[in-house]
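Chemist: the following comprises the amino acid sequence and a computationally predicted model.
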Amino acid sequence: MILSFDIIILLFLVVAALIALNVRDLLSAAVIFGIFGFLICLLWAEMGAVDVAFTEATVGAGVSTVLFIATILNTRRKSSD
Amino acid sequence: MNAKIFASIAVAITGAVLLYGVSDFPTFGDPRSPASAGVEGGAPSASQYYINESYGDTKVPNLVTSVLADYRGYDTLFETVVVFAAGMAIFAILRVVGKEAKQPTGPRAGSSIDGDHQRIIVGTTCRLAVPVVQIFALYVVAHGHHSPGGGFQGGVMLGASFILIALAGNLDDALTRLSEKAYLSLAAIGIMIYAGFGVLPQLLGKNFLDYGVLEKILFTDGPEMARSHSMLGVEIGVALTVMSIMFAIFANLSTRGTLKGGL
Amino acid sequence: MADFFFNTVKPHFNFWIYVILMMIGLWSLIAKNNLIKKMMGLAIFQTAIILFYVSLGVKDGATIPVLEHYGAERAALISDSSADAIVNPVPHVLMLTAIVVGVATLGVALALCQMIFKEFDTLEEDELLRKIKALHDDD
């Protein structure tokens, strides 16, 4: 519940979300989506939700990013917007 | 252009309505908010009951595990079924069997890693890391009563260890260790374990998922330790299902259904 | 202006940022052209909602919902107000389920994207609509 930590991580979250959705190269977007997942895990660990942070670190930042990369491998890597 | 204008209008209206509704919320971090402490003069909230009574009822220090696997075990059973159903859906959408299964043509048809020397660093590191990851995942499942952890986290880590084997070499390396028949049966066995722990109290005459009556079968003294041990059994079932489905989703997605080639 | 900022935004600043994240995800789900970007927007939307729920259970100065090993002695010392010293565990339980179900449905969505690519050889929404229309005009 440290206030300045909360504000900084939340601002980073918004910046990471905006960047992940506006990059043209889909592989970079998937990696920045992984960064988004790790920042969320950090925020929950600071809020005292340790079980949720554990699950998000494995599922959200690990497996979810790998699934995106596996799909981009079998389809196109560039996107038009 | 049409989609962007429509999206901007929809987002602006929804955002304005949500922000107007947010101003009525309790302050962030208030211990006396209605979600945490109940309404003044009314019954105490569920979270207060769980914090005060859960250790006496189940002898499990981790409150989240005890609420997840015992007090709200019915939800967890059907959530595991949903994960299993998602794995079956991906299997039904993507899987191609038989002789006509060929490698997906695309920008990287076939393996484009030129030369084995590029695989040495990645391959060796992954092979060294996999046993450590698996032992830690089994620790997380078994120690979920006393520390953060439990069935879901351990199951996903076990599945991720098999994905790591597939990344270190071929997908065939991982499939020789956990074949398709094996992971499909393990997923079903996990749900059967959980449902079995639910039906067993019914055979003894009490409610579904009422672990306290299992003290006669598990030879414990008192219903509290029976609940604690049943929670461990249930978490093992969840871990088996989640492990198999995570690996199944990865195997089917990375090869577009043929289980040949891949990342 | 400063009055609006200090009385309305500052006590609930984190809820404002969750709503902003939700709207970023919703906008991307509707307006982006690429199907994979739409799925990313959906995942961001889901994560923002889970963030909102978990932050409802936070208490100032409280500790994690894992009792120490000497739980029995601590239970003997419990008075009614000590429930304020432990973070509310009920939102954590509900959101654990939500995260795992979210990733499973993300897998199904990506499988559908791959089948669409196999059939039409593109993942851009405007080209897809054109090709589907051309298919129907041939009938």
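Modeler: It's in. Residues are numbered from 1 along each chain as shown, chains lettered A, B, ... in the order given.
Chemist: distance between the ends of stretch B:13-29?
Modeler: 28 Å (Cα to Cα, to the nearest Å).
Chemist: could I get the buried residue list for that stretch?
Modeler: B:15, B:18-19, B:22, B:28-29 (16 or more other Cβ atoms under 10 Å in any protein chain shown). Any C-beta I mention is one placed from the backbone N, CA and C, and that applies to glycine too.
Chemist: what do you get for stretch B:176-188?
Modeler: So, applying 16+ other Cβ under 10 Å, buried residues of stretch B:176-188: B:178, B:180, B:183-184, B:186-187.
Chemist: distance between it and the chain's centre?
Modeler: The chain centre lies 17 Å from the centre of stretch B:176-188; the measure is Cα atoms, centre = their mean, to the nearest Å.
Chemist: chain B contacts on chain A?
Modeler: With Cβ under 8 Å from any Cβ of the partner chain as the criterion, chain A comes near chain B at residues A:1, A:50-51, A:53-55, A:58-59, A:62-63, A:66-67, A:69-71, A:73-77.
Chemist: restrict the residues you listed to those near chain C?
Modeler: Restricting the residues of chain A next to chain B to contacts with chain C (Cβ under 8 Å from any Cβ) yields A:1, A:50-51, A:55, A:59, A:63, A:67, A:70-71, A:74-76.
Chemist: check contacts around residue 25.
Modeler: Picking chain A for this. By Cβ atoms under 8 Å, 6 or more residues apart in numbering or on different chains, the residues touching residue A:25 are A:77-79.
Chemist: if you could check chain C rather than the one you did, that'd help
Modeler: A:17, C:41-46, C:48.
Chemist: any chance of JSON lines for the ones next to chain C among the residues of chain A next to chain B, columns pLDDT, secondary structure and neighbour count?
Modeler: JSON lines is the format used below for these (pLDDT from 0 to 100; DSSP: H, G, I helix; E, B strand; the rest coil; neighbours: other Cβ atoms under 10 Å in any protein chain shown):
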{"residue": "A:1", "pLDDT": "63", "secondary structure": "coil", "neighbour count": "15"}
{"residue": "A:50", "pLDDT": "91", "secondary structure": "helix", "neighbour count": "20"}
{"residue": "A:51", "pLDDT": "92", "secondary structure": "helix", "neighbour count": "28"}
{"residue": "A:55", "pLDDT": "94", "secondary structure": "helix", "neighbour count": "27"}
{"residue": "A:59", "pLDDT": "93", "secondary structure": "helix", "neighbour count": "28"}
{"residue": "A:63", "pLDDT": "93", "secondary structure": "helix", "neighbour count": "25"}
{"residue": "A:67", "pLDDT": "93", "secondary structure": "helix", "neighbour count": "24"}
{"residue": "A:70", "pLDDT": "90", "secondary structure": "helix", "neighbour count": "24"}
{"residue": "A:71", "pLDDT": "92", "secondary structure": "helix", "neighbour count": "26"}
{"residue": "A:74", "pLDDT": "87", "secondary structure": "helix", "neighbour count": "24"}
{"residue": "A:75", "pLDDT": "89", "secondary structure": "coil", "neighbour count": "24"}
{"residue": "A:76", "pLDDT": "86", "secondary structure": "coil", "neighbour count": "17"}
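Chemist: return the set of buried residues in stretch B:39-48.
Modeler: For stretch B:39-48, by 16+ other Cβ under 10 Å, it's B:45-48.
Chemist: show me where chain A dips below the pLDDT cut-off.
Modeler: For chain A, the stretches flagged by pLDDT under 70 are A:1.
Chemist: need the longest helix for it.
Modeler: helix A:26-47 (DSSP state H).
Chemist: what comes into contact with stretch B:187-199?
Modeler: B:73, B:76-77, B:80-81, B:84, B:87, B:208-209, B:211, B:214, B:230, B:233-234, B:236-242, B:244-245, B:248.
Chemist: if any of those residues are buried, put those into a ChimeraX selection.
Modeler: The following ChimeraX line selects those of those that are buried, judged by 16+ other Cβ under 10 Å:
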select /B:73,76,77,80,84,87,209,211,214,230,233,234,236,237,238,239,240,241,242,244,245,248
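Chemist: with just CA atoms, put stretch A:17-24 into PDB.
Modeler: In PDB, the C-alpha atoms belonging to stretch A:17-24 read as follows (Å, rounded to 0.1, in the frame of the first residue of the first chain):
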ATOM      1  CA  ALA A  17      -0.700  -1.000 -22.800                       C
ATOM      2  CA  LEU A  18      -0.700   1.900 -25.300                       C
ATOM      3  CA  ILE A  19       2.700   0.800 -26.700                       C
ATOM      4  CA  ALA A  20       1.700  -2.900 -27.100                       C
ATOM      5  CA  LEU A  21      -1.400  -1.900 -29.100                       C
ATOM      6  CA  ASN A  22       0.300   0.600 -31.400                       C
ATOM      7  CA  VAL A  23       3.400  -1.200 -32.600                       C
ATOM      8  CA  ARG A  24       3.300  -2.600 -36.100                       C
END
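Chemist: hmm, that stretch touching chain C?
Modeler: Yes - judged by Cβ under 8 Å from any Cβ, stretch A:17-24 and chain C are in contact via A:17-18, A:20-21.
Chemist: farthest pair in these?
Modeler: Farthest pair in the residues of stretch A:17-24 next to chain C (Cβ to Cβ) is A:18 and A:20. Separation: 7.5 Å.
Chemist: out of the two, which sits in the busier spot?
Modeler: Neighbours per residue, other Cβ atoms under 10 Å in any protein chain shown: of residue A:18 and residue A:20, the larger number sits with residue A:20, 24 against 15.
Chemist: in what helix or strand does the more buried one lie?
Modeler: Using DSSP states H and E, the element containing residue A:20 is helix A:3-22.
Chemist: what sits up against that helix?
Modeler: Counting by Cβ under 8 Å, 6+ apart, A:29, A:32-33, A:35-36, A:39-40, A:42-43, A:46, C:13-14, C:17, C:20-21, C:24-25, C:28, C:32, C:37, C:40-41, C:44 sit against helix A:3-22.
Chemist: just the buried residues from those, in PyMOL please.
Modeler: Selection of buried members from the contacts of helix A:3-22 for PyMOL, criterion 16+ other Cβ under 10 Å:
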select buried, (chain A and resi 29+32+33+35+36+39+40+42+43) or (chain C and resi 13+14+17+20+21+24+25+28+32+37+40+41+44)
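Chemist: does any part of the biggest helix by length in chain C sit near chain A?
Modeler: Among the segments of chain C that qualify as a helix by DSSP H, the longest is helix C:90-120. Yes - applying Cβ under 8 Å from any Cβ, one finds helix C:90-120 in contact with chain A at C:91-92, C:95-96, C:99-100, C:103, C:106-107, C:110, C:113-114, C:117.
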